[in-house]
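Asker: Below: sequence and its predicted model.
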Amino acid sequence: MLIKDEAIVAGAFPGRLGTYVETSVGGEKVRAFVPAPLPPDPPLDFVQFLTLYDRARGAIGRLDGVTTILPSAPLFLFMYVRKEALLSSQIEGTQSSLSDLLLFENDEMPQVPLDDVTEVSNYVAAVEHGMKRLRGGFPLSLRLLREMHEILLKSGHGANKQAGEFRRSQNWIGGTRPGNALFVPPPPHRLEGCLDAFERFLHEDDPALPPLIRAGLAHVQFETIHPFLDGNGRLGRLLVTLMLCDAGALREPVLYLSLFLKRRRDDYYRLLQEVRQAGAWEAWMEFFLTGVAETAEQAAETAKELMALFDADRLAIAERGRAAASALRVHELMQRRPLVTAPAAARELKLSLPTVGKALELMVSAGILRETTGKRRNRIFAYAKYLALLDKGTEPLPA
C-alpha cells in the first residue's frame, strides 16, 4: 500500500534525483527509490570525462576493425561470447569455468552443479537471440528485453523467477529483506511508469548523447529500476553491448564489461549508489568509460594473440608430412571446440575414429594439445594455450 512520496533534495543536482516512495512490504514500512527519467537534468558535463570518452571511442573502433578483418572472426566471436557469459554469471554467484561450459556443450559431464553451467549456456542463447532480432530489424525495446530474459532464466537457478515477465512484487539488493536492504528499487505499482520512460529513452535519437554515453546512462537506469525478480545484472550488462550494436558502433557483440566489473565490484556498486543518492553521473561515466576502454583494448589484443597462435600451430602441423591433412581439419574444429573427445571429433568431421585418434596424438606430440584425463578410454583433449588466453580473469569468485 502506498503511503507517501518523498522527494530527494540533496547534493548539487536536485533535478537529477528521484523520489523515495514509502510503501509497506510484509507489514514493514520500506523506502523504495523511483529514479528521475533519463537523460540527466542538468545535462552531463562532458569536459570532466572527454579524454576518457575519446580513448573509449577509439578503442571500440579498433576492436570493431580487428574483429571484422580476422580470418576466423566467427570463431573469436563464438568463444568470446562464452567467456562473457561465464564472467557475467560468475558475478551473480555461479561457480562454473569456461571448461565446464565447453564440456556441457559437448555433452560431457562438467565439474560443477549442472544449474551453474545451464545458466551460462542460457546467457549465450540470450545474446544470440538478441542479435538475431536486432539484425532482423526488430527494435531494442522492452519486448526484446523480456524475450531475452525468458531465455536467460528458462532453466537453472532462476527457472522459478517469472522468466520473461516484469516483477509483480518488491525486490531489493543486499540485506535479508527490504527493511534492511542496501537498495530498494521502485515498488511494483511504479514500475510501468519507470519502464515507459526508459523505453522512450532507448528510442530517442539525441545527437547530444553519442551511443557510448547513452549505453552508460541506460545501464545505470536499468539496474536502478531492477524490473525483473532475477537476472537484472546479467541483462543490464548485456544491454550495453546491444545498444552499441544497435547504433552501429559495433558490428559484432564483442564488447563486454563483466571482467572489469568483476575486478572492481566495490567501485561499481558504490558508484551506482552515488548516482542514485547524489546525481553523480560524471563520476559514473569516468568509471564506465575506463571500463569500456580497457575492455575493448584487451579484447583486440586477445584477438590478435589468438590469430597468432592459430597460425603458428597450423604451420607446426603442416610440417608433419602426410598426417598433416587430417590433423589440420581437427585443428580447425578445435578452434571452435577447444575441448573435444575423439569420437565427437570423428562424428563432426565424418572421419574414421583411428584417423582422428592419430591426428590428436600428433598434436599432443607437437605440444599443441593436452590430454586432460590421464585415462586410456573416454579421453578429453584440450587446446590448452587457446583456453589459457581465454581463461584470463575467469577464475570463479569465492563461494
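Answerer: That came in fine, so what should we check first? Residues are numbered from 1 along each chain as shown.

Asker: For the residue nearest to residue 227 when sequence neighbours are not counted, which residues are in contact?
Answerer: Spatial nearest neighbour of residue 227, excluding adjacent residues (C-beta to C-beta, 6 or more residues apart in numbering): residue 166 at 4.9 Å. The way it works is simple: take the backbone N, C-alpha and C, and place the C-beta from them, glycine included. Taking C-beta atoms under 8 Å, 6 or more residues apart in numbering, we find residue 166 in contact with 146, 191, 195, 227-228.

Asker: For those residues, name the two members farthest from one another.
Answerer: Within the contacts of residue 166, two members stand farthest from each other by C-beta to C-beta: 146 and 191, at 12.8 Å.

Asker: ok, of the contacts of residue 166, which one's closest to residue 256?
Answerer: For the contacts of residue 166, the closest approach to residue 256 (C-beta to C-beta) belongs to residue 228, at 19.8 Å.

Asker: Let me know the secondary structure of the closest one.
Answerer: Under the three-state scheme (DSSP: H, G, I helix; E, B strand; the rest coil), residue 228 adopts coil.

Asker: pLDDT score for it?
Answerer: Looking at residue 228, its pLDDT reads 96.

Asker: Counting neighbours, what do you get for it?
Answerer: Counted with other C-beta atoms under 10 Å, the neighbours of residue 228 add up to 25.

Asker: Equivalent analysis for residue 359, please.
Answerer: Other residues near residue 359 come to 29 when the count uses other C-beta under 10 Å.

Asker: what are the ranges of the strands in the protein?
Answerer: In the chain, the strands defined using DSSP state E lie at 2-7, 19-25, 28-34, 339-340, 370-371, 381-382.

Asker: Let's have those in a markdown table, adding mean pLDDT, mean neighbour count and distance to residue 178.
Answerer: Shown next, in a markdown table, are the strands of the chain (pLDDT from 0 to 100; neighbours: other C-beta atoms under 10 Å; distance: least, C-beta to C-beta, whole Å):
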| stretch | mean pLDDT | mean neighbour count | distance to residue 178 |
| --- | --- | --- | --- |
| strand 2-7 | 46 | 11 | 14 |
| strand 19-25 | 88 | 18 | 5 |
| strand 28-34 | 92 | 17 | 4 |
| strand 339-340 | 84 | 24 | 43 |
| strand 370-371 | 92 | 14 | 50 |
| strand 381-382 | 91 | 23 | 46 |
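
Asker: Those strands: which one's closest to residue 277?
Answerer: Using C-beta to C-beta, the nearest of the strands of the chain to residue 277 is strand 28-34, at 9.0 Å.

Asker: what's across from residue 339 in the sheet?
Answerer: residue 382 (DSSP bridges).

Asker: could you list every residue that touches residue 249?
Answerer: Residues counted as contacts of residue 249 (C-beta under 8 Å, 6+ apart) are 60, 64, 211-212.

Asker: Please report the distance of it from residue 213.
Answerer: Distance from residue 249 to residue 213, counting by C-beta to C-beta, to the nearest Å: 11 Å.

Asker: Good, wrapping up.
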